[in-house]
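*Asks:* sequence plus the predicted model coming up.
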Amino acid sequence: MAVAARGPVDVLSKSVPSGTLIPQESKLQAVNAFGVQAVVAYRCDAVEYKRRAAAGMAPLTRPDVLDLLMGLPEGEAVPVSALSGPERRTLKAMPKGAVIQSNRTVTRQAVQPLRVDLAIVPGRGWESAMERAELFTPFCARAVLVERPLRRKDDAMLQADFYGIGLLALVGNELDVLVPPRPFVKRRHTVAGWKFLEDLYTQLA
């Protein structure tokens, strides 16, 4: 984990009142996603974490595996004969613990291991930080944390409000919420969305 990303975790942990920007039960952790250093506020599924650990299950990183899992109802047996040829081939690559398989049926066990409430991208300038924060748009609420005095503060606030990106500024060791992040609304479940969570799971587990 980059040293530069650790400072914002400490600042946010000490400066964000519980239950304001993020839910009370959220944890903060520095991660790397899409080549971007960010701090995510996340909630893990404790039951799924324990299940995966007990099964020795590897993270789900293959898009074809995730696509197949998304087509299987959780906890319900599906006839293997109902799967297409490519799906049956993908089934052979399924990590241990993701499904229960017999000769005739397959039952999905794996679910998404965590939820991301907010991704916060730190940066020295608000424009470059917002560009990086846009990468998280399909997956969660976004915010930027500017680590030096804001240039063109009014422009920064207008842009942040227009795009729904939270704008946070450090004033000494105090956090100033200039624009709150727009709440994220998940409109559909996608392979990319699940893979985003699995990629973070490899860093957070």
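*Replies:* Perfect, I can see it now.

*Asks:* in the chain, which spans are helices?
*Replies:* 6-15, 46-55, 63-70, 85-92, 126-133, 153-163, 191-204 (DSSP state H).

*Asks:* with distance to C140 added, can I get those helices in CSV?
*Replies:* Quick note: C-beta positions are derived from backbone N, CA and C, even for glycine. Formatted as CSV, these follow (distance: least, CB to CB, whole Å):
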stretch, distance to C140
helix 6-15, 15
helix 46-55, 18
helix 63-70, 18
helix 85-92, 27
helix 126-133, 10
helix 153-163, 14
helix 191-204, 8
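
*Asks:* ranking these by mean neighbour count, which comes first?
*Replies:* Each of the helices of the chain was assessed for mean neighbour count using mean count of other CB atoms under 10 Å. The highest is helix 126-133, with a mean of 20.

*Asks:* tell me what it is packed against?
*Replies:* strand 36-44, strand 114-123, strand 141-146, helix 153-163 (3 or more CB pairs under 8 Å, 6 or more residues apart in numbering; DSSP states H and E).

*Asks:* just to revisit the earlier point, among the helices of the chain, where is the model least confident on average?
*Replies:* Here the lowest mean pLDDT among those goes to helix 6-15, at a mean of 61.

*Asks:* before we move on, back to that, so which of the helices of the chain comes closest to K27?
*Replies:* helix 191-204 (8.4 Å; CB to CB).

*Asks:* verify the stated contact: G193 with C140.
*Replies:* No: look at G193 against C140 with CB atoms under 8 Å: they stay out of range, at 9.3 Å.

*Asks:* circling back: okay, the helices and strands packed on helix 126-133 in JSON lines with distance to P63 next?
*Replies:* Listed next are the helices and strands packed on helix 126-133 as JSON lines, based on distance: least, CB to CB, whole Å:
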{"stretch": "strand 36-44", "distance to P63": "20"}
{"stretch": "strand 114-123", "distance to P63": "19"}
{"stretch": "strand 141-146", "distance to P63": "23"}
{"stretch": "helix 153-163", "distance to P63": "28"}
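
*Asks:* wait, which of these is closest to L21?
*Replies:* L21 lies closest, by CB to CB, to one member of those: strand 114-123, at 6.6 Å.

*Asks:* pull the residues that contact stretch 66-76.
*Replies:* Applying CB atoms under 8 Å, 6 or more residues apart in numbering, the contact partners of stretch 66-76 are 60, 78, 83, 87, 90-91, 94, 98-99, 106-111, 189, 191, 194-195, 198.

*Asks:* switch to 7 Å and redo it
*Replies:* Outside stretch 66-76, the residues that touch it by CB atoms under 7 Å, 6 or more residues apart in numbering are 60, 78, 87, 90-91, 98, 106-108, 110-111, 189, 191, 194-195.

*Asks:* just stretch 170-189 next, same as before
*Replies:* Contacts for stretch 170-189 (CB under 7 Å, 6+ apart): 11-12, 15-16, 21, 70, 118, 140-143, 145-147, 157, 160-161, 164-169.

*Asks:* which ones are touching D199?
*Replies:* Taking CB under 7 Å, 6+ apart, one finds A33 in contact with D199.
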